[in-house]
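Trainee: prediction below, plus the sequence it came from.
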Amino acid sequence: MLIDETSLSATIDAFNAQLAEDARLDAEEEVEVVSFLLGRQIGSGRNGGMFALSAGEYEAGVHLFTGERLRTRIAARSVLTLGATRILSAIGGDRVDVQEALARASAVMRRACFAAAHCVIGECAHSSIAYMRDAAIDRTGARRKWIEDHIRVICAHREGNGRWKRFPFYYTLLALSEVGTPSANAELDYARPACERVVRRASTGVYGVRRKSLLRRVLGDVDQPLELL
């Protein structure tokens, strides 16, 4: 079952896992996923426009697709909101109610410090990468400058060993591979030594397998990048 009524994060993860395996949803499944996600959007209040986690979901652990655990509630809400809107845009973007939901979410996300000012303090760095992934699928191209500016921020946090300070390594690799611009590819070139060091490690568990696949793609062992929402 793709939808987990008790977990927004598990549902988003399951959708992305299915997409990574090139397994598309049928029309009925898409309607069910859209309905589930729309039902999770907060209508008003301080978090209006964002998507709500279930009771106990944060305590049980919310992870990025590449396995890094989110340690703050605000990062969990931001990342899952961006994950939900990416899915809604992809499979329900022609619906009026979905367009309205996307507009509400976009309005609150644009005001977040990581989006408005490229903040990378604490887990704003994680949220900023989720925002960059969202910007990368924006067909209007309105956020291309934001992407380029943020890649410069990432570059400024190079540690010198193929990794970056503050930024989650694997999730950043994923986002850069999806952006695909010359500046993003330059950061992937910078990361190659770190990728080569860790790709030889044994892969266990779902996140280990995902990371291994991502590393192989970054290193050029597979022709196409991961296609994930």
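Mentor: Thanks, I have the structure now.

Trainee: contact partners for the residue nearest the centre of the chain?
Mentor: With the centre of the chain defined as its mean C-alpha position, the nearest residue by CA atoms, centre = their mean is Ala130, 4.0 Å away. Residues near Ala130 by CB atoms under 8 Å, 6 or more residues apart in numbering: 64, 78-79, 82-83, 171, 175. Any C-beta I mention is one placed from the backbone N, CA and C, and that applies to glycine too.

Trainee: which pair of those spans the longest distance?
Mentor: For those, with distances taken as CB to CB, the pair at the greatest spread is Ser78 and Ala175 (14.3 Å).

Trainee: quick one: Val153 from Arg143, how far?
Mentor: 14 Å (CB to CB, to the nearest Å).

Trainee: for Gly205, that is, sorry about that
Mentor: Distance from Gly205 to Arg143, by CB to CB: 34 Å.

Trainee: comparing the two, which residue is more hemmed in?
Mentor: Neighbours per residue, other CB atoms under 10 Å: of Gly205 and Arg143, the larger number sits with Arg143, 19 against 9.

Trainee: quick one, what contacts the more buried one?
Mentor: Arg143 sits next to Ala135 when contact means CB under 8 Å, 6+ apart.

Trainee: let's see the pLDDT reported for it.
Mentor: pLDDT recorded at Arg143 is 92.

Trainee: so how far is Glu29 from the residue lying closest to Gly61 once chain neighbours are set aside?
Mentor: Using CB to CB, 6 or more residues apart in numbering and skipping residues adjacent in sequence, the residue nearest Gly61 is Arg69, 5.9 Å away. Counting by CB to CB, the separation of Arg69 from Glu29 is 28 Å.

Trainee: which of the two has more neighbours?
Mentor: Glu29 (15 against 12).

Trainee: what helix or strand does that one sit in?
Mentor: helix 27-40 (DSSP states H and E).

Trainee: give the buried residues for that helix.
Mentor: Neighbour counts over helix 27-40 (16 or more other CB atoms under 10 Å) mark 30, 33-34, 36-38, 40 as buried.

Trainee: likewise for stretch 177-184?
Mentor: 177-179, 184.

Trainee: now, which of those sits nearest Val199?
Mentor: Ser177 (14.3 Å).

Trainee: hmm, back to that, pipe the contacts of Ala130 into TSV and attach secondary structure per row.
Mentor: Below are the contacts of Ala130 laid out as TSV (DSSP: H, G, I helix; E, B strand; the rest coil):
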residue	secondary structure
Leu64	coil
Ser78	helix
Val79	helix
Leu82	helix
Gly83	helix
Tyr171	helix
Ala175	helix
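
Trainee: most neighbours, which of those?
Mentor: Ala175 leads the contacts of Ala130 on contacts (other CB under 10 Å) with 28 neighbours.

Trainee: which ones are touching that residue?
Mentor: So Ala175 contacts 129-130, 132-133, 136 (CB under 8 Å, 6+ apart).
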